[in-house]
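S.K.: model the structure of this input:
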Amino acid sequence: MMKYFHRQVQLWGEETQESLQSKRIAIVGCGGLGSSLAFALGASGIGEIHLIDFDEVSVHNIHRQIAFKTGDEGKKKCDVVAETVLSRCPFVRVITHDCEFDLFCDKGVEVDLIIDATDNLPTRAKINTYAKAVKKPWIYGSVEAFNGQVCFFEKASFDVFKISNKTPAGIAAPIVMHIASLQANLALRYLAGLNVKKDYLYYLFFNEEGELITQKFSLPTA
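M.R.: Here you go, the predicted structure:
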């Protein structure tokens with residue numbers, strides 16, 4: 001196993017790498033963000049990954065949802081993502097949940113961290129409520145056009161956002177991978193016991209000159 005994770009072991013040693021095998025995460029959504037998150041964290045050695053998604057692959061998903069390829073149309077997203085993760089890393093256990101998030105909550109699955117990879121505010125509000133109830137942190141991520149947001153929620157609440165059913169505008173594929181990468185880095189640092197800035201909202205966008213701007217905002221905590 002250590003040969004597979006050689007470059008990570010150089011970062012933090014064998015003991016920390018071995019500790020990741022005992023970590024359990026839930027990724028809510030297996031689309032654009034979820035695909036990239038599962039790729040990154042599965043190949044990083046997280047021991048157990050729960051994938052929650054009831055949707056099927058559509059042709060318009062493929063350009064930005066990296067787990068899928070032409071020919072996957074009609075297959076369950078969670079199953080395809082699980083198969084891809086397992087084909088890349090033999091040291092991870094992947095459990096799929098072909099259901100809505102409410103039904104996953106009812107199963108009482110224990111995890112160390114919940115990661116939002118959804119595309120709507122109401123579901124994120126449910127993730128926040130559940131995370132608070134089970135006293136676990138969660139990582140929020142969203143994308144639209146060339147913009148994105150990321151936050152590691154611990155004490156702050158997602159209630160600071162206006163919860164609505166707003167339909168997002170178009171999405172460029174690279175920003176999806178960029179935001180998922182930031183989420184994955186926060187998750188991996190947290191699970192490896194490294195420092196993570198919590199309850200800060202990071203907002204990233206390209207301005208009219210094509211410059212990448214990053215802003216951060218401290219969120220109120222209870």
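S.K.: can you pull out the helices in this protein?
M.R.: 6-20, 32-42, 77-88, 101-106, 121-134, 173-191 (DSSP state H).
S.K.: can you add mean neighbour count and give those helices back as TSV?
M.R.: Placement of C-beta: from N, CA and C, glycine included. As requested, the helices of the chain are exported to TSV (neighbours: other CB atoms under 10 Å):
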stretch	mean neighbour count
helix 6-20	14
helix 32-42	26
helix 77-88	20
helix 101-106	16
helix 121-134	18
helix 173-191	20
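S.K.: out of those, which is closest to Gly148?
M.R.: Proximity to Gly148, assessed across these by CB to CB, is greatest for helix 173-191 (3.8 Å).
S.K.: ok, Thr96 touching Ala82?
M.R.: Yes - at 5.1 Å, Thr96 counts as touching Ala82 under the criterion of CB atoms under 8 Å.
S.K.: any common contacting residues for the two?
M.R.: Both Thr96 and Ala82 are contacted by Leu51, under the criterion CB atoms under 8 Å, 6 or more residues apart in numbering.
S.K.: show me what contacts Gly34?
M.R.: Neighbours of Gly34 in contact, by CB under 8 Å, 6+ apart: Ile27, Val28, Leu51, Asp53, Gln65, Lys77, Val81, Ala117, Ala180.
S.K.: any idea how far it lies from Cys151?
M.R.: 17 Å (CB to CB, to the nearest Å).
S.K.: one step back: got TSV for the contacts of Gly34, with distance to Val143 and pLDDT too?
M.R.: TSV is the format used below for those (distance: CB to CB, whole Å; pLDDT from 0 to 100):
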residue	distance to Val143	pLDDT
Ile27	15	98
Val28	15	98
Leu51	19	98
Asp53	17	97
Gln65	12	85
Lys77	17	96
Val81	18	97
Ala117	10	97
Ala180	9	96
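S.K.: what residue ranges in the chain score low on pLDDT?
M.R.: Counting by pLDDT under 70, the ranges of the chain that qualify are 160-168, 222.
S.K.: make a markdown table from the helices of the chain and add distance to Lys69 to it.
M.R.: Listed next are the helices of the chain as a markdown table, based on distance: least, CB to CB, whole Å:
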| stretch | distance to Lys69 |
| --- | --- |
| helix 6-20 | 27 |
| helix 32-42 | 11 |
| helix 77-88 | 9 |
| helix 101-106 | 26 |
| helix 121-134 | 26 |
| helix 173-191 | 14 |
